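>>> mind looking at a prediction? Sequence and model below.
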Amino acid sequence: MSDNDKPVIWAELSFDQQWKRAREWANAMLAATRQHVDNPSAPVRFSRGIALGYRRMFAVAYMFVEQRISDARSERLKLEKRVAELEARPELKHCGPWREGKRYSKANLCTFRGGLWIALRGNRSKPGENSSWQLIVKSGFAQ
(Lines give C-alpha, C1' and ligand atoms only; values in the text may rest on other atoms or scores of the structure.)
Protein backbone atom coordinates (compact mmCIF):
# COMPACT_ATOMS: atom_id res chain seq x y z
CA MET A 1 0.00 0.00 0.00
CA SER A 2 1.51 3.33 -1.07
CA ASP A 3 1.32 6.51 1.00
CA ASN A 4 -1.41 7.85 -1.28
CA ASP A 5 -3.59 4.76 -0.65
CA LYS A 6 -3.46 5.01 3.12
CA PRO A 7 -6.44 6.61 4.84
CA VAL A 8 -5.73 10.29 5.42
CA ILE A 9 -7.33 12.58 7.94
CA TRP A 10 -7.32 15.68 5.78
CA ALA A 11 -7.60 18.14 8.66
CA GLU A 12 -4.42 16.74 10.24
CA LEU A 13 -2.32 17.60 7.19
CA SER A 14 -0.51 20.90 6.99
CA PHE A 15 -1.48 23.31 4.25
CA ASP A 16 1.67 22.40 2.29
CA GLN A 17 0.90 18.68 2.63
CA GLN A 18 -2.68 19.27 1.47
CA TRP A 19 -1.45 21.27 -1.51
CA LYS A 20 1.10 18.56 -2.41
CA ARG A 21 -1.53 15.85 -2.11
CA ALA A 22 -3.99 17.83 -4.24
CA ARG A 23 -1.32 18.31 -6.95
CA GLU A 24 -0.64 14.56 -6.94
CA TRP A 25 -4.37 13.84 -7.38
CA ALA A 26 -4.60 16.44 -10.14
CA ASN A 27 -1.69 14.79 -11.96
CA ALA A 28 -3.40 11.38 -11.64
CA MET A 29 -6.62 12.86 -13.05
CA LEU A 30 -4.73 14.48 -15.93
CA ALA A 31 -3.00 11.17 -16.69
CA ALA A 32 -6.38 9.39 -16.81
CA THR A 33 -7.76 12.11 -19.09
CA ARG A 34 -4.71 11.88 -21.39
CA GLN A 35 -5.21 8.13 -21.69
CA HIS A 36 -8.75 8.76 -22.88
CA VAL A 37 -7.58 11.43 -25.37
CA ASP A 38 -4.92 9.09 -26.75
CA ASN A 39 -7.45 6.27 -27.09
CA PRO A 40 -10.98 7.77 -27.27
CA SER A 41 -12.66 4.40 -27.39
CA ALA A 42 -11.16 3.40 -24.04
CA PRO A 43 -13.36 4.16 -21.06
CA VAL A 44 -12.13 6.84 -18.71
CA ARG A 45 -11.52 5.25 -15.37
CA PHE A 46 -12.12 7.64 -12.56
CA SER A 47 -12.02 5.94 -9.24
CA ARG A 48 -13.76 7.25 -6.16
CA GLY A 49 -10.31 8.37 -5.02
CA ILE A 50 -9.80 10.44 -8.16
CA ALA A 51 -13.23 12.02 -7.76
CA LEU A 52 -12.40 12.86 -4.16
CA GLY A 53 -9.07 14.14 -5.44
CA TYR A 54 -10.86 16.64 -7.66
CA ARG A 55 -12.94 17.82 -4.74
CA ARG A 56 -9.92 18.10 -2.45
CA MET A 57 -7.81 19.77 -5.11
CA PHE A 58 -10.41 22.48 -5.62
CA ALA A 59 -10.92 22.84 -1.87
CA VAL A 60 -7.19 23.28 -1.30
CA ALA A 61 -6.88 25.64 -4.27
CA TYR A 62 -9.74 27.71 -2.86
CA MET A 63 -8.11 27.79 0.60
CA PHE A 64 -4.80 28.75 -1.01
CA VAL A 65 -6.36 31.64 -2.93
CA GLU A 66 -8.36 32.77 0.11
CA GLN A 67 -5.19 32.78 2.24
CA ARG A 68 -3.29 34.80 -0.35
CA ILE A 69 -6.17 37.29 -0.63
CA SER A 70 -6.28 37.59 3.16
CA ASP A 71 -2.49 38.12 3.30
CA ALA A 72 -2.66 40.75 0.56
CA ARG A 73 -5.55 42.53 2.30
CA SER A 74 -3.64 42.54 5.59
CA GLU A 75 -0.51 43.89 3.90
CA ARG A 76 -2.54 46.58 2.11
CA LEU A 77 -4.08 47.71 5.42
CA LYS A 78 -0.61 47.92 7.02
CA LEU A 79 0.66 49.99 4.10
CA GLU A 80 -2.38 52.29 4.17
CA LYS A 81 -1.83 52.86 7.90
CA ARG A 82 1.85 53.62 7.30
CA VAL A 83 1.02 56.08 4.50
CA ALA A 84 -1.50 57.83 6.77
CA GLU A 85 1.16 58.09 9.51
CA LEU A 86 3.70 59.51 7.09
CA GLU A 87 1.22 62.00 5.65
CA ALA A 88 0.29 63.14 9.16
CA ARG A 89 3.89 64.11 9.92
CA PRO A 90 4.56 67.82 9.91
CA GLU A 91 6.20 69.15 6.79
CA LEU A 92 9.47 71.07 7.05
CA LYS A 93 8.90 74.67 6.02
CA HIS A 94 11.47 77.47 5.99
CA CYS A 95 9.85 80.68 7.23
CA GLY A 96 12.82 83.01 6.77
CA PRO A 97 14.09 85.16 9.65
CA TRP A 98 12.23 84.91 12.97
CA ARG A 99 9.57 87.60 13.42
CA GLU A 100 8.07 88.60 16.74
CA GLY A 101 4.36 87.79 17.10
CA LYS A 102 4.33 85.28 14.27
CA ARG A 103 2.96 81.82 15.09
CA TYR A 104 5.37 79.03 14.17
CA SER A 105 4.09 75.48 13.73
CA LYS A 106 5.92 72.26 14.50
CA ALA A 107 8.74 71.64 11.98
CA ASN A 108 8.92 75.29 10.86
CA LEU A 109 12.47 76.49 10.27
CA CYS A 110 13.67 80.04 10.83
CA THR A 111 16.91 81.91 11.17
CA PHE A 112 17.65 83.88 14.34
CA ARG A 113 20.92 85.63 15.23
CA GLY A 114 22.71 83.80 12.43
CA GLY A 115 21.59 80.29 13.43
CA LEU A 116 19.00 77.96 11.92
CA TRP A 117 16.28 76.80 14.33
CA ILE A 118 13.46 74.27 14.12
CA ALA A 119 10.20 74.56 16.04
CA LEU A 120 9.57 71.42 18.10
CA ARG A 121 5.93 72.46 18.70
CA GLY A 122 3.68 75.33 17.78
CA ASN A 123 4.75 78.55 19.55
CA ARG A 124 5.28 82.32 19.35
CA SER A 125 8.41 82.45 21.52
CA LYS A 126 11.90 83.57 20.54
CA PRO A 127 14.26 80.74 19.51
CA GLY A 128 16.49 79.75 22.44
CA GLU A 129 14.13 81.14 25.13
CA ASN A 130 12.52 77.78 25.93
CA SER A 131 12.31 74.16 24.80
CA SER A 132 9.97 74.96 21.87
CA TRP A 133 12.98 75.46 19.59
CA GLN A 134 16.08 73.46 18.75
CA LEU A 135 19.21 74.92 17.20
CA ILE A 136 20.16 73.06 14.03
CA VAL A 137 23.10 75.15 12.75
CA LYS A 138 25.02 77.72 14.80
CA SER A 139 26.13 81.01 13.32
CA GLY A 140 28.55 80.48 10.50
CA PHE A 141 28.84 77.68 8.00
CA ALA A 142 27.41 74.21 8.35
CA GLN A 143 29.98 71.47 7.83
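Structure received. What you are looking at is a predicted structure, and each value in this text was computed from that prediction instead of being measured. Residues are numbered from 1 along each chain as shown.
>>> so who does Ala119 touch?
104-110, 132-133 (Cβ atoms under 8 Å, 6 or more residues apart in numbering). C-beta: built from backbone N, CA, C; applies to glycine.
>>> just the closest of those to Met57, please.
Ala107 (56.5 Å; Cβ to Cβ).
>>> okay, and the beta partners of Gly115?
Phe112 (DSSP bridges).
>>> look through this structure and tell me its longest helix.
helix 48-88 (DSSP state H).
>>> who are the packing partners of that helix?
Helices and strands touching helix 48-88, by 3 or more Cβ pairs under 8 Å, 6 or more residues apart in numbering; DSSP states H and E, are helix 15-38.
>>> re the thing from before, in its sheet, what does the helix or strand following the longest helix of the chain sit against?
Counting by DSSP states H and E, the next helix or strand C-terminal to helix 48-88 is strand 93-97. Take DSSP bridges as the rule and strand 93-97 pairs in its sheet with strand 108-112 (parallel).
>>> for the record, mean pLDDT for stretch 122-142?
The pLDDT scores in stretch 122-142 average 88.
>>> contacts for that stretch, please.
The contact list for stretch 122-142 (Cβ under 8 Å, 6+ apart) reads 98, 100-106, 109-110, 112-121.
>>> okay, domains of the protein per the record?
With domains defined by automatic domain parsing, the chain comprises 3-88, 93-137.
>>> pick the most deeply packed of the ones you listed.
Among those, ranked by average contacts under mean count of other Cβ atoms under 10 Å, first place goes to domain 93-137 (a mean of 14).
>>> start and end of that one, how far apart?
One end of domain 93-137 sits 16 Å from the other (Cα to Cα, to the nearest Å).
>>> starting at the chain centroid, how far to it?
Put simply, domain 93-137 sits 38 Å off its chain's centre (Cα atoms, centre = their mean, to the nearest Å).
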